[in-house]
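**Q** When you get a sec, could you give me coordinates for this:
(one chain, ligands or ions: 2)
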Amino acid sequence: MDFKSIRNFSIIAHIDHGKSTLADRMLERTGTIEKRKMRDQVLDSMELERERGITIKMQPVRMEYLSGGTNYTLNLIDTPGHIDFSYEVSRALKAVEGSILLVDATQGVQAQTLTTLTMAQHAGIVIIPVVSKIDSPLARTDEVKLEIAELLHISPDTVLGVSGKTGEGVETLLEAIIERVPPPAASTEQGLRALVFDFKYSNHEGVIVYVRIFDGAVAKNSDLVFRVADQKFIALEVGTFSPAETPRAQLTSGEIGYIVTGIKKPGIASVGDTITEFKHAREVLPGYMQPRPVVWASIYPESQDDFPLLKTALGKLRLSDSAFSFEEESSGALGRGFRSGFLGMLHLEIITERLKREFDLDLVITTPSITYMVKLKNNKNLTVYSPHLFPNDGELVSVEEPWVTVTIITPVRYLGVLMPFLYDHEAEVGETENFGDSRSSVQVKMPLRELMRGFFDDLKSITSGYASISYDIAELRHADVTRLDIHIGGELVPAFTRIISKRRALVEAEAATTKLKDILPRQQFEMKVQGIALGRILSSETIKAFRKDVLMHGSKVVGGGDVSRKKKLLEKQKRGKAKMRENSKVHIPHSVFLKMMKTGDN
Ligand SMILES: Nc1nc2c(ncn2[C@@H]2O[C@H](COP(=O)(O)OP(=O)(O)OP(=O)(O)O)[C@@H](O)[C@H]2O)c(=O)[nH]1
Ligand SMILES: [Mg+2]
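**A** Ligands and ions are numbered 1, 2, ... in the order given. Okay, here's the model as predicted:
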């Protein structure tokens, strides 16, 4: 294929600014998807993406488009806008020569607009600024064009306008892509070099890698090698995205497509690796930075019998999400499990939800936490990832925690409510700058711990949804924190242990016990739920016992009407699961861990 007629580009923007909807119209206009097969945000194919109306994984798609007598191949990569998934964006940007920077005409430039723009600038690719949703009665198209022009130091006339709803401006945008995005650089090298920018796992075909071909070509049955992993394999199939995987005879320089590897072992394929021919191993392409987890949670099987199953499940998830990482951990009370790292609370929520849906495992999930650097009295230094492994106050000399720099963009009228809110989260407020006509950008430094304490949701609610934020991990600072333990029926439940700021100990203890009182299923006996920190019982609630008739309907939250699931449960009990329940008097269902995890302390 002639590389001169290829255009590779991504769409980047703040969350909900209309990336996937714009992609819909492009797919329609280029005839890639028939109109009768079209549905809204068609590239959001994961069940969770559709349910939540957000993009989680990037999605490449290939389109054909006739312009000025030439047939162009346009490879589009739609990316997620949520900050937790920005690793997807950074990887997509290394596979393309240009990017559409989309800004919602009703919202203007937002925090992730700036973050994604910076990423695109670092990648050194062409940026096509576009205002979206120009059809909306709330659109402030001209103002937003000016905002973008100011940001990029360009004339507002070069900023395009589109509507993903009506299709207005889409044709002009496609022409602009052909004109402004350069074709892939001509490759004079013969030997294959393909950059792995994503992958997925199929039970039948093993790992399927998503690649951008920089040099050479690859065809079915080629002998290939992952250069970094140093692993040989055979291309069982190669093809492109339409957006479904569509086999082709070969992929050549400049193209974006996939290679079926047949590899079923986890830990071999990794994003950023370079694939070359086995017999002509060339130098590796620049890869990707490992993403740095922001928040951690430990995942244990409820029954230790399920440990190998859980390990397989996590391995498979990792093969569809390169930002997810996990490591074995063991804890006396919980047995063997995995400490897992996530790029944010939404990422954590998505992964645990997928574990539940796709692998049908009963799990104990510990309260999410950031990492703490701890100095002990015995002169040892410790990095604590899991709250239930946090030392008691008596063993501690000092604790350090990560801080973050945060940029908040908000309409000026909310600055009044924003400031006290920021102080409550231990923030140090830095520079405040006017942004556009009526908005401010506020620079803040605060503990990451406080950012994870419902900060996003609360910020949204106090600013009626108008504020947006982005953040970066900064330095370590001294932390005045302690562990909050939860005892249920007189026993410590390690999964609920959290690390909290000492000044909030009472509030947090009360919030935790009240919440547990609401969500714990009743048992056949009365039991106490207690919050213990700083060497005292700070809060206590009593959960009443069942009445007989309620018991009839069963307290097994895992049961419901699902026969196969019940059967599975019975089998498990036979295998000795019941034993664990005998030891601890209280059975806490999986759903309770998820609920405790989701909103933390709110
Ligand atoms: N009026 C109007 N609404 C739009 C337009 N484009 C998208 N929307 C709406 O905006 C919302 C978000 O659209 P998406 O296309 O999912 O946005 P996105 O940028 O892909 O979102 P993420 O991938 O989660 O970051 C949806 O409710 C769309 O219906 C448009 O051109 N006009
Ligand atoms: Mg989307």
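
**Q** can you count the residues close to residue 452?
**A** Applying other CB atoms under 10 Å, we find 20 residues neighbouring residue 452. C-betas here are computed from N, CA, C, even on glycine.

**Q** if I read this right, it contacts residue 295, doesn't it?
**A** Yes - using CB atoms under 8 Å, residue 452 makes contact with residue 295 at a distance of 6.0 Å.

**Q** list residues touching both of these two?
**A** 345, 368, 370 (CB atoms under 8 Å, 6 or more residues apart in numbering).

**Q** do you know how far the first one is from ligand 2?
**A** In this structure, residue 345 and ligand 2 are separated by 19 Å, where distance is defined by CB to the ion, to the nearest Å.

**Q** Does residue 337 touch residue 297 like I think?
**A** No - counting by CB under 8 Å, residue 337 stays clear of residue 297, with 10.2 Å between them.

**Q** The helix or strand hosting residue 532 pairs with which strands, and in what direction?
**A** Using DSSP states H and E, residue 532 sits within strand 527-533. With DSSP bridges as the test, strand 527-533 is paired with strand 481-488 (antiparallel), strand 536-543 (antiparallel).

**Q** measure residue 358 to ligand 1 for me?
**A** 21 Å (CB to the nearest ligand atom, to the nearest Å).

**Q** partners of residue 212 in the sheet?
**A** When assigned by DSSP bridges, residue 212 has beta-bridge partners residue 195, residue 256.

**Q** how many other residues sit next to it?
**A** Based on other CB under 10 Å, the number of other residues close to residue 212 is 25.

**Q** doesn't residue 195 make contact with it?
**A** Yes - between residue 212 and residue 195 there is a contact under CB under 8 Å: 4.9 Å.

**Q** Now do the same contact list for the residue in the stretch 351-500 of the chain that ligand 2 sits nearest to.
**A** Residue nearest to ligand 2 within the stretch 351-500 of the chain: residue 468 (16.0 Å; CB to the ion). Shown in contact with residue 468 (CB under 8 Å, 6+ apart): 14, 110-112, 408-410.

**Q** Excluding chain neighbours, what is closest to residue 427?
**A** Ranked by CB to CB, 6 or more residues apart in numbering and with sequence neighbours excluded, the top spatial neighbour of residue 427 is residue 446, at 3.9 Å.

**Q** In a helix, the one you found, correct?
**A** No - looking at residue 446 with DSSP: H, G, I helix; E, B strand; the rest coil, it is strand, so not inside a helix.

**Q** Count residues in the vicinity of it, would you?
**A** What residue 446 shows, counting by other CB under 10 Å, is a neighbour count of 21.

**Q** now do residue 480
**A** 12.

**Q** now residue 48
**A** 15.

**Q** Give the bridge partners for the closest residue to residue 264 other than its chain neighbours, please.
**A** Spatially, and ignoring its direct neighbours in sequence, residue 264 is nearest to residue 206 (4.5 Å; CB to CB, 6+ apart). Residues in a beta bridge with residue 206, per DSSP bridges, are residue 202.

**Q** what about residue 206, neighbour count?
**A** Residue 206 has 18 nearby residues by other CB under 10 Å.

**Q** So for stretch 160-178, what gets flagged as buried?
**A** Neighbour-count burial for stretch 160-178 flags 160-165, 167, 169-170, 173-174, 176-178 (criterion: 16 or more other CB atoms under 10 Å).

**Q** returning to that earlier point: could you name every residue contacting both of residue 212 and residue 195?
**A** What both residue 212 and residue 195 touch, as defined by CB under 8 Å, 6+ apart, is the set 94-95.

**Q** Need the residues that contact stretch 261-272.
**A** 91, 195-199, 205-209, 226, 228-229, 231, 233-236, 287-288, 315-316, 318-319, 322.

**Q** Residue 309 and residue 301 touch, don't they?
**A** Yes - between residue 309 and residue 301 there is a contact under CB under 8 Å: 7.2 Å.

**Q** Any idea what the closest residue to residue 17 other than its chain neighbours is bridged to?
**A** Spatially, and ignoring its direct neighbours in sequence, residue 17 is nearest to residue 104 (4.1 Å; CB to CB, 6+ apart). Bridge pairing for residue 104 (DSSP bridges) gives the partners residue 132.

**Q** What is the burial count for residue 104?
**A** 24.

**Q** what comes up buried for the helix or strand hosting residue 20?
**A** Using DSSP H and E, the element containing residue 20 is helix 19-29. Using 16+ other CB under 10 Å as the test for burial, helix 19-29 gives 19-28.

**Q** List the strands paired with the strand ranked longest in the chain, with their directions.
**A** Secondary structure assigned by DSSP state E gives strand 396-411 as the longest strand of the chain. According to DSSP bridges, strand 396-411 forms sheet pairs with strand 372-376 (antiparallel), strand 439-447 (antiparallel), strand 468-478 (antiparallel).

**Q** Which one of those strands lies nearest to residue 333?
**A** strand 372-376 (20.1 Å; CB to CB).

**Q** show me the residues around the residue nearest to residue 264 that make contact.
**A** 260-264.

**Q** same check, this time on residue 155
**A** Per CB under 8 Å, 6+ apart, neighbours of residue 155: residue 149.

**Q** Quick check: pLDDT value at it.
**A** For residue 155, the model assigns a pLDDT of 97.

**Q** ditto for residue 507
**A** 96.

**Q** Next up, phi/psi of residue 157, please.
**A** Reported as degrees, to the nearest 10, the phi and psi values for residue 157 are phi -70, psi -20.

**Q** separation between it and residue 148?
**A** 12 Å (CB to CB, to the nearest Å).

**Q** Show me which of those two is the more surrounded one.
**A** Comparing residue 157 with residue 148 by neighbour count (other CB under 10 Å), the higher total belongs to residue 148, at 24 against 8.
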